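In: what follows is a predicted structure for the sequence shown.
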Amino acid sequence: MQDVKSFFESFYKFKDKRNQNAFILKHCTVKSVKRHRPKNSKYTPKSSQTTYFVYSATLKKRLLVCQTFFLNVLQIKKYRVQTIMKEYFETGTLLNEKRGGDRVSHKNMEKKRAVMSFIEKLHCEEPHYCRGNTKRLYLSAELSINKLYRLYNSQVESELKVKPSYFRNIFNRNYNLGFGSPRTDVCSVCLQFTEKMKTETRVNIRNDLIVMQRIHKLKAKAFFGFVKEEKPDLLTLSFDCEKNLPLPKTPDQSAYYSRQINLFNFTIVQGSSKSKLDSSNVFAYCWSENLFPKASNQISSAIYHRLQNTNLTGIKTVRLIADGCAGQNKNSTVLGMCAKWLSETPQVKSLELIFPIVGHSFIPPDRVFARIEKEIRKREIMANPEEYHEIIKNFATVIKLGDDCKVYHWKDAVGTNLKPVGRWHFQFKSCKRYELKRSKKEGNVLVKGMVHYKHDDCAFK
């Protein structure tokens, strides 16, 4: 009985009929009938004879059984076995399952090829707002699946026209395409090159524009190389200001059009662009407009506080990365603060400030801001700064400027101790990279500014 149960279970472990038919064929043999005896019968004489076997796990061999026993064990009809064996006897192949299945798609292959050819001719672009590599491409924001469907049906012959559901099914299942959003912060230099190349007919000038655009993009790529770089003796801090957060935030129309106080969030991220972002390496310095303005003194004080409260064991080089906003980041005030800190920190050999090509300034704090603003949009009312702080705490360590971090008058000190930038040995505004190091004379710091990312074009002074 154990062998019978095992044989039954082996048959029904297959859920589809084709595999069950193969199991039956494996345990049956068919051969031609050698001799036909004369009979008075209206039925055609059989041309083949089937022999039945059951596998015994105990004896490890097949045992010859009668048809009735075989059918009763598997709980099937004799016609199923006869049909399988007849097909095998006549053609030498396993019986195909003809019930169910797709009986329509092969009739519409011409329509499918026409729809796919139409979609593949569409002009697609890589995403503007995603800086990583992605396989998803985007069509114009003015298009939609329904518009594409109507456009397709309007230009093909009547026998190739399709229904909206058929077109949508092919579009969604066979292509990784989306519809982009209208761009709002495209690099003005890139846009200028693109528009000039559209109208330029002279080949030599057009080639010059292509080369200049290529150089511009390579410079942007070189900047992102600094953002990604990781070394054991390198500390990277990237920082930026989030857009102004209104206080209070209410749905009341009169409050919306009234004068509001802004809450400022200056975020510093410790690590490269590959680093995981959480409250252990993201620091948000927050203050409201009625306490301090958003100027170089506040930015310098926050950076100075972060540098003083960071573990610098084994660090030889500190790299600061930010956008080139002149009023906040790219100014002599921040550079003077860096010189002051470097002169007080003997274990650090050099400090770098790196600024991006205008229009290509995506850095790690921008990812933090996106997460914060996604949560803020869900709140209808934000009455006080503490409610903003509660949201920001989910993504960063909140530090209150003025309470947890002292604000210094860096601008006055720099104006007293440093020469005006117009008298420096490099053109301050055009530089993208600054490097500071201590001189042999105690208390002095040397500085140089470089226009290029990959090579030095200036000396320390």
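Out: Happy to help now that I have it.
In: what about the helices in the stretch 1-150 of the chain?
Out: Secondary structure of the stretch 1-150 of the chain by DSSP state H, counting those that start in this stretch: the helices cover 2-12, 17-26, 67-74, 78-91, 109-120, 145-155.
In: quick one: which of those is nearest N207?
Out: With C-beta to C-beta, the closest approach to N207 among the helices of the stretch 1-150 of the chain belongs to helix 109-120: 29.5 Å. In short, each C-beta sits where N, CA and C put it, glycine included.
In: chain center to the closest one: distance?
Out: 29 Å (C-alpha atoms, centre = their mean, to the nearest Å).
In: do the same with stretch 205-221
Out: 26 Å.
In: related to what we said a few turns ago, the helices of the stretch 1-150 of the chain: which one's closest to Q308?
Out: The nearest among those, by C-beta to C-beta, is helix 145-155 at 55.8 Å.
In: run through who's touching that closest one.
Out: Helix 145-155 is contacted from outside by 115, 118-119, 122, 161-162, 164, 167-168, 171, using C-beta atoms under 8 Å, 6 or more residues apart in numbering.
In: would CSV of these with neighbour count, distance to S258 and pLDDT be doable?
Out: As requested, these are exported to CSV (neighbours: other C-beta atoms under 10 Å; distance: C-beta to C-beta, whole Å; pLDDT from 0 to 100):
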residue, neighbour count, distance to S258, pLDDT
V115, 23, 54, 95
F118, 20, 53, 95
I119, 18, 50, 95
L122, 14, 47, 92
K161, 15, 57, 94
V162, 19, 55, 94
P164, 12, 48, 95
F167, 22, 50, 96
R168, 15, 47, 96
F171, 17, 47, 95
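In: pull the most distant pair out of those.
Out: Among the contacts of helix 145-155, L122 and K161 lie farthest apart (C-beta to C-beta), at 18.4 Å.
In: what about this protein, any weak spots by pLDDT?
Out: 41, 127-134 (pLDDT under 70).
In: any idea how it splits into domains?
Out: Split into domains by automatic domain parsing, the chain comes to 2-35+44-91, 106-179, 221-450.
In: for I210, which of those domains is the nearest?
Out: Nearest to I210, of the domains of the chain and by C-beta to C-beta, is domain 221-450 at 16.3 Å.
In: now do the same end-to-end measure for that closest one.
Out: The first and final residues of domain 221-450 sit 17 Å from each other (C-alpha to C-alpha, to the nearest Å).
In: off-centre distance for that domain?
Out: Distance, centroid of domain 221-450 to centroid of chain: 26 Å (C-alpha atoms, centre = their mean).
In: so which of the domains of the chain is the most surrounded?
Out: domain 221-450 (a mean of 17; mean count of other C-beta atoms under 10 Å).
In: and the strands in the chain?
Out: In the chain, the strands defined using DSSP state E lie at 28-32, 48-56, 61-65, 137-139, 177-179, 234-241, 245-247, 261-270, 282-288, 317-321, 350-354, 397-400, 433-438, 445-450.
In: closest one to G101 among those strands?
Out: Using C-beta to C-beta, those put strand 28-32 closest to G101, at 25.7 Å.
In: which helices and strands sit right next to that closest one?
Out: strand 48-56, helix 78-91 (3 or more C-beta pairs under 8 Å, 6 or more residues apart in numbering; DSSP states H and E).
In: isn't L71 right up against V81?
Out: Yes: counting by C-beta atoms under 8 Å, V81 is a contact partner of L71 at 7.2 Å.
In: packing partners for the top helix by length along the chain?
Out: What stands out as the longest helix in the chain, according to DSSP state H, is helix 203-228. Applying 3+ C-beta pairs under 8 Å, 6+ apart, one finds that helix 203-228 makes contact with helix 188-199, strand 317-321.
In: how about these in CSV, adding distance to R18?
Out: Output for the helices and strands packed on helix 203-228, formatted as CSV (distance: least, C-beta to C-beta, whole Å):
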stretch, distance to R18
helix 188-199, 57
strand 317-321, 62
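In: from these, which stretch is densest packed?
Out: The most buried one of these (mean count of other C-beta under 10 Å) is strand 317-321, showing a mean of 22.
In: who's in contact with that one?
Out: With contacts defined as C-beta under 8 Å, 6+ apart, strand 317-321 is touched by 226-227, 231, 233-239, 303, 307, 312, 338, 348-355, 363.
In: and S105, how many residues sit next to it?
Out: 9 (other C-beta atoms under 10 Å).
In: and it, what does it touch?
Out: S105 is in contact with K112, counting by C-beta under 8 Å, 6+ apart.
In: let's go with 10 Å and repeat that
Out: The neighbours of S105, taking C-beta atoms under 10 Å, 6 or more residues apart in numbering as the test, are 111-112.
In: how near is it to K112?
Out: 8 Å (C-beta to C-beta, to the nearest Å).
In: again, but for G271
Out: 49 Å.
In: again, but for I372
Out: From I372 over to K112 (counting by C-beta to C-beta), the distance is 46 Å.
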